[in-house]
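*Asks:* when you get a sec, could you give me coordinates for this:
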Amino acid sequence: MNLDNYDRRILEALQQEGRLSNQDLADRIGLSPSPCLRRVRALEEAGIITGYRAMLDAKRLGLNLMVILSVSMDRHTPERFAGFDAAVAAMPEVLECLLITGRDADYQLKVVVRDMEHYQDLLLERITRIEGVSGVHSSFVLRRVVERTARTGCWSSRRSVSPGPRCAARRATIWPTRSRPWPTAPGVSWCWGSTTAAGRSSASPPSGSTPQIPWSWRLASHPSNCPWPR
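*Replies:* Below you'll find the predicted structure:
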């Protein structure tokens, strides 16, 4: 599925606030509700949006200790890996399990537990008892520096800009004739066509620009916040 700017902004908005209503989402990205809902459903059917989940504060749940484990296996066989995968998938303390290369370890796990006693039980009574585990190295997390689930910006090297809260985003089709007045509003700027040039609110299209017919204009609180694709 090829993503356009509207699809990307939908994904950004839903990753930041998954409980947005369709109306609020449509207002935020500058679409009417019906096409916005069609795009969301298309992203779900394509498997790009896989679900909606609540983010929990582990410390408020009494899970005060986070540990990164590096686990080594005695043999690199499909049976060994399959057995380990199934065992850790059944442990609710395991938030993430990665099969890795480039280090002495074969797996990296991220777990959260209540305290050291809880971690000792998890490590000695369950993880080290998995068949094939030959070594475990534990690293205790002091603090989280960056923690995000959003894939914002990962699909393109181009920076994606969301419209500001006061952005009066509108779109219309205007034929580029001098006899037709250009819409104006105090304190706003215009993004002309598919160019990056911008004029002031009362200005005509920038000199030297080559508008296409029909002419699409975009209104925003600032050119860099223009919510329409350029």
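*Asks:* chain neighbours aside, what residue packs nearest to residue 68?
*Replies:* Counting by CB to CB, 6 or more residues apart in numbering, residue 139 is the residue found nearest to residue 68 once chain neighbours are left out, at 4.4 Å. Yep, even glycine has a C-beta here, placed from its N, CA and C like the rest.
*Asks:* three-state assignment of the one you found?
*Replies:* Of the three states, residue 139 takes strand according to DSSP: H, G, I helix; E, B strand; the rest coil.
*Asks:* kindly report the same for the one 3 residues further on.
*Replies:* Taken by three-state DSSP, the conformation at residue 142 corresponds to coil.
*Asks:* so what's the residue count around it?
*Replies:* 7 (other CB atoms under 10 Å).
*Asks:* next: the one 5 residues further on.
*Replies:* Applying the criterion other CB under 10 Å, we find 6 residues in the vicinity of residue 147.
*Asks:* quick check: residue 131 vs residue 112, distance?
*Replies:* Look at residue 131 and residue 112: by CB to CB, to the nearest Å, they are 25 Å apart.
*Asks:* and for residue 87?
*Replies:* Counting by CB to CB, the gap from residue 87 to residue 112 is 18 Å.
*Asks:* can you name the residues that contact residue 111?
*Replies:* 66, 67, 69, 91, 93, 94, 95, 119, 122 (CB atoms under 8 Å, 6 or more residues apart in numbering).
*Asks:* using CSV, lay out those residues together with secondary structure, pLDDT and distance to residue 48.
*Replies:* Output for the contacts of residue 111, formatted as CSV (DSSP: H, G, I helix; E, B strand; the rest coil; pLDDT from 0 to 100; distance: CB to CB, whole Å):
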residue, secondary structure, pLDDT, distance to residue 48
66, strand, 97, 29
67, strand, 97, 32
69, strand, 97, 31
91, coil, 97, 29
93, coil, 96, 30
94, strand, 97, 26
95, strand, 96, 23
119, helix, 97, 36
122, helix, 97, 34
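*Asks:* mind giving me the ChimeraX command for buried ones among the residues you listed?
*Replies:* Burial among the contacts of residue 111 is assessed by 16 or more other CB atoms under 10 Å; the matching ChimeraX selection reads:
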select :66,67,69,93,94,119,122
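*Asks:* related to what we said a few turns ago, the residue nearest to residue 68 touches residue 67, doesn't it?
*Replies:* Yes. Look at residue 139 against residue 67 with CB atoms under 8 Å: they come within range, at 6.9 Å.
*Asks:* rewinding a little: neighbour count for residue 131 and residue 112, which is higher?
*Replies:* Between residue 131 and residue 112, counted using other CB under 10 Å, residue 112 has the larger neighbour count: 20 against 11.
*Asks:* doesn't that one belong to a strand?
*Replies:* Yes. Per three-state DSSP, residue 112 lies within a strand segment.
*Asks:* can you give me phi and psi for the residue lying closest to residue 71 once chain neighbours are set aside?
*Replies:* Nearest residue to residue 71 in three dimensions, chain neighbours excluded: residue 107, at 4.2 Å (CB to CB, 6+ apart). Residue 107 adopts backbone torsions of phi -130, psi 150, taken as degrees, to the nearest 10.
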